[in-house]
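S.K.: model this:
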Amino acid sequence: VPIASLTKMTNALVVIRDHPVPAGASGPDITITADDYAEYQNELHNDQSTVAIQTGEVLTERQMLEALLTQSANDIAYTLATWDAGSIPAFVGKMNALALSLGATSTHYVDASGYDPHSVSTAADCLRIAGAAMLVPTFAEVVAMASITLPLVGTVPNVVTEIGKNGVIGVKSGYTSEAGGCMVLAADRVVQG
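M.R.: Numbering: from 1, shown residues only. You can find the predicted model right below:
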């Protein structure tokens, strides 16, 4: 079924594998291009999930991952995909290859953000992907953040409001009218000691 922004777990995992960022580090700088800004404007006018960006703005890979995973920003999904692979189709190919390598055989992506309802998966596959991603220290660190601070938007809370409550340490939510509400959560729990 459509999985909306749960797609961004795989986006982030591809980016981190291709451009490793140690936990706590910023990673390389990424400059927002005119194409990135045009995509942001398009998404803004189509009522998609975005964070404000401007042409020439410089964000670190870490800031981009924070915006992608805690704000579910479709514009950042686009920017990271084109930065990593040069084009959306090339990046989507990487996403599909990664999902397959993780055993997520019922998953197929057609876009970098999950806005397209043809990006589909199953609950079991989403857990496989989330489990692999949570083993990457930077990914786990970012999805556990209750809020982030970005230059143009200031400090904003994680859209996954469960973070930091009842042992919840991540992971990702999503919503489109076709997918409905989607959620993958991870929590640390002590059971009988």
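S.K.: scan the chain for its longest helix.
M.R.: In the chain, ranked by residue count with DSSP state H as the criterion, the top helix is helix 88-101.
S.K.: helices and strands around that one, which ones?
M.R.: Applying 3 or more C-beta pairs under 8 Å, 6 or more residues apart in numbering; DSSP states H and E, one finds that helix 88-101 contacts helix 7-18, helix 74-85. Where you see a C-beta, it was placed from the backbone N, CA and C, and this is true even at glycine.
S.K.: so which of the ones you listed gets nearest residue 106?
M.R.: With C-beta to C-beta, the closest approach to residue 106 among those belongs to helix 7-18: 13.4 Å.
S.K.: and the closest one, how far from the chain's centre?
M.R.: 7 Å (C-alpha atoms, centre = their mean, to the nearest Å).
S.K.: same deal with stretch 155-162?
M.R.: Relative to the centre of its chain, stretch 155-162 is centred 14 Å away, using C-alpha atoms, centre = their mean.
S.K.: mind listing what's buried in it?
M.R.: Along stretch 155-162, the positions that meet the burial threshold by neighbour count (16 or more other C-beta atoms under 10 Å) are 158, 159, 160.
S.K.: so how far is residue 110 from the first one?
M.R.: Read it as residue 158. Taking C-beta to C-beta, to the nearest Å as the criterion, residue 158 is separated from residue 110 by 27 Å.
S.K.: circling back to that earlier point, angle of the longest helix of the chain against helix 74-85?
M.R.: Comparing the axes of helix 88-101 and helix 74-85 via axes from the mean of the first three to the mean of the last three C-alpha atoms, to 10 degrees yields an angle of 90 degrees.
S.K.: can you name the element that comes right after helix 88-101?
M.R.: Later in the chain than helix 88-101, the nearest helix or strand by DSSP states H and E is helix 123-134.
S.K.: packing partners of the helix or strand following that following helix?
M.R.: Remark: after helix 123-134, the chain's next helix or strand is helix 137-143, criterion DSSP H and E. In this structure, helix 137-143 packs against helix 7-18, helix 61-70, helix 123-134, strand 168-176, with contacts taken as 3+ C-beta pairs under 8 Å, 6+ apart.
S.K.: please redo it, this time with the cut-off set to 7 Å
M.R.: Helices and strands touching helix 137-143, as assessed by 3 or more C-beta pairs under 7 Å, 6 or more residues apart in numbering; DSSP states H and E, comprise helix 7-18, helix 61-70, strand 168-176.
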